[in-house]
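S.K.: return a 3D structure for these sequence lines:
(2 chains)
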Amino acid sequence: MSTTIERLAATWTRVAATRRETADTVTLTIESDQPFRPGQFDMLTALGVGECPVSHSGHPRIAGVHEHTIRRVGAVTNALTAIKPGDTVGIRGPYGRGWPMEDLVGSDIVVIAGGIGLAPLRPVILALESDPGSYGRAALLVGARTPEDIQFTSDLDRWNASSAMDVFVTVDRADETWVGSVGVVTRLLDPAAINPESIALLCGPEIMMRFAATDLLALGLDPDRIYVSLERNMECGIGLCGHCQLGPMFVCWQGPVVPWSVAADLMRVPEL
Amino acid sequence: MRDAALADHAFLVGFEEEHLEKLGACVAAQSMWRPGESILLRGGVADVCHLLVEGTVAIEIRSPGTAPQIIQTLQGGDVLGWSWLFEPHLWTFDARAVSDTSAITLDAALLRSAIEDDPVFGAQLLKRMTKAIVNRLKATRLQVLDVYNH
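M.R.: Numbers count the residues shown, from 1 in each chain, chains lettered A, B, ... in the order given. Now for the predicted structure:
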């Protein structure tokens, strides 16, 4: 069993490739043999700048590489998104509880992603894509700010062409050249015709998840079968420092994925 | 007369038979638009209410020198237009068909008369209109929060 110090030590590893997803978002492909579960995150370090939590966005069953998709929002993510192939990054993890993959087997699944929230859900969808016979009908509902902010567009095209998945995309604002949907992601629930027995996986801004969960409950979904991925200020990743505390919970190891039955009350407390 | 297409429309699910008949008497046309065709123009007289059956419609706002901005898109099952309910009965936004679109078009003057003549029918119809308006308001509030930009 590893010591606390060992669990907090980063490994320096090579970035094999980078891929620009949107103007402010980049996916790093990092050499690593460490297995992970969809929904878990790593702490990534940009040398001399700092460390931040980043969810896995790659295929959970492809050994040897990890993918991490990073949106540029501050000093550390500025540095990480500027990394070039061949550079090194610090990596430690994986941390946290991921999506309930075992419970998805045999179930209809609705995945609701907002903005960069599609990244932590991508490993789930890639797993479904690899083994469609093990799951029921899947619906992916994606919301983005503008058409230019939609992440993983080539994946979305491929998933949309697949018979195992229905993909719906909407944006908050667009000009007349956009022929898709404009409006909030919850507006996609009607055309997606959700089965009330489905398991729902939600990731995105908390306000979006709250509205989406409320609408899913109204459609008859069980609050124990709606899962959300919470985002807090993860620092240590192993439940020691308390920076990510949300009420009685340390999000870094008791989350980030929790059922709505647990998250709902916590997300109502303004002080948290 | 009862209109089968009306009874099947998502906006009217559960609407009572006698009220469907009353609404059927307000049907002015079965409308169709090709992609890019204008459906409503801001400032125009709001003399109809469209119950969208199929297709996608963009609600837009235009200002001189800038490209039209889409505020929201509507689909089959949605209601297009509520300015006919409130004076001065003028459209406040533009609407354009994004794809091949069809709708049941109701005559606004007949609708307003039917609402005045039969308060029970009026209350049932306005309850549904209000729910649609509230849902649209809720969605718009979320949109203006610009939640994906934080």
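S.K.: so which residue is smack in the middle of chain B?
M.R.: Nearest residue to the geometric centre of chain B (C-alpha atoms, centre = their mean): B:L80, 1.8 Å.
S.K.: same question, chain A
M.R.: A:P120 (1.8 Å).
S.K.: so who does the nearest residue to that residue once chain neighbours are set aside touch?
M.R.: Counting by C-beta to C-beta, 6 or more residues apart in numbering or on different chains, A:P120 lies nearest to A:S55, which is 3.7 Å off, once chain neighbours are set aside. Backbone N, C-alpha and C define where each C-beta goes, glycine included. Taking C-beta atoms under 8 Å, 6 or more residues apart in numbering or on different chains, we find A:S55 in contact with A:39-41, A:68-69, A:119-120, A:229, A:256.
S.K.: how about the residues of chain B that lie near chain A?
M.R.: Applying C-beta under 8 Å from any C-beta of the partner chain, one finds that chain B approaches chain A through B:10, B:56, B:58, B:60, B:67-73, B:75, B:77, B:96, B:98-99, B:138-139, B:142-143, B:145-150.
S.K.: check contacts around B:W91.
M.R.: B:40-46, B:81, B:83.
S.K.: again with A:F250
M.R.: Listed by C-beta under 8 Å, 6+ apart, the contact partners of A:F250 are A:239, A:242, A:244.
S.K.: what pairs with it across the strands?
M.R.: Beta bridges link A:F250 to A:Q245 when assigned by DSSP bridges.
S.K.: hang on, the residue nearest to the centre of chain A packs against A:G39?
M.R.: Yes. Counting by C-beta atoms under 8 Å, A:P120 does reach A:G39; the two are 5.9 Å apart.
S.K.: for those two, list the residues in contact with both.
M.R.: What both A:P120 and A:G39 touch, as defined by C-beta under 8 Å, 6+ apart, is the set A:55-56, A:229, A:256.
S.K.: who wins on neighbours among the residues you listed?
M.R.: Greatest neighbour count in the shared contacts of A:P120 and A:G39, by other C-beta atoms under 10 Å in any protein chain shown, goes to A:S55: 29 neighbours.
S.K.: any chance of the contacts of B:W91 in TSV, plus secondary structure?
M.R.: As requested, those are exported to TSV (DSSP: H, G, I helix; E, B strand; the rest coil):
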residue	secondary structure
B:L40	strand
B:L41	coil
B:R42	coil
B:G43	coil
B:G44	coil
B:V45	strand
B:A46	coil
B:G81	coil
B:S83	helix
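S.K.: farthest pair in the residues you listed?
M.R.: B:G43 and B:G81 (13.7 Å; C-beta to C-beta).
S.K.: please list only the buried members of the contacts of A:F250.
M.R.: A:239, A:244 (16 or more other C-beta atoms under 10 Å in any protein chain shown).
S.K.: dump the contacts of A:F250 to TSV, plus distance to chain B and pLDDT.
M.R.: Listed next are the contacts of A:F250 as TSV, based on distance: C-beta to the nearest C-beta, whole Å; pLDDT from 0 to 100:
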residue	distance to chain B	pLDDT
A:G239	26	83
A:G242	24	86
A:C244	18	84
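S.K.: circling back to that earlier point, return the set of buried residues in the host helix or strand of the residue nearest to A:P120.
M.R.: Under the criterion of DSSP states H and E, A:S55 resides in strand A:50-55. For strand A:50-55, burial by neighbour count (16+ other C-beta under 10 Å) applies to A:51-55.
S.K.: from the contact counts, what lies against the next helix or strand after that strand?
M.R.: Sequence order places strand A:65-71 as the next helix or strand after strand A:50-55, per DSSP H and E. Packing partners of strand A:65-71 (3 or more C-beta pairs under 8 Å, 6 or more residues apart in numbering or on different chains; DSSP states H and E): strand A:25-31, strand A:41-46, strand A:50-55, helix A:75-81.
S.K.: hmm, 10 Å instead?
M.R.: Judged by 3 or more C-beta pairs under 10 Å, 6 or more residues apart in numbering or on different chains; DSSP states H and E, the packing partners of strand A:65-71 are strand A:11-22, strand A:25-31, strand A:41-46, strand A:50-55, helix A:75-81, strand A:88-95, helix A:118-130.
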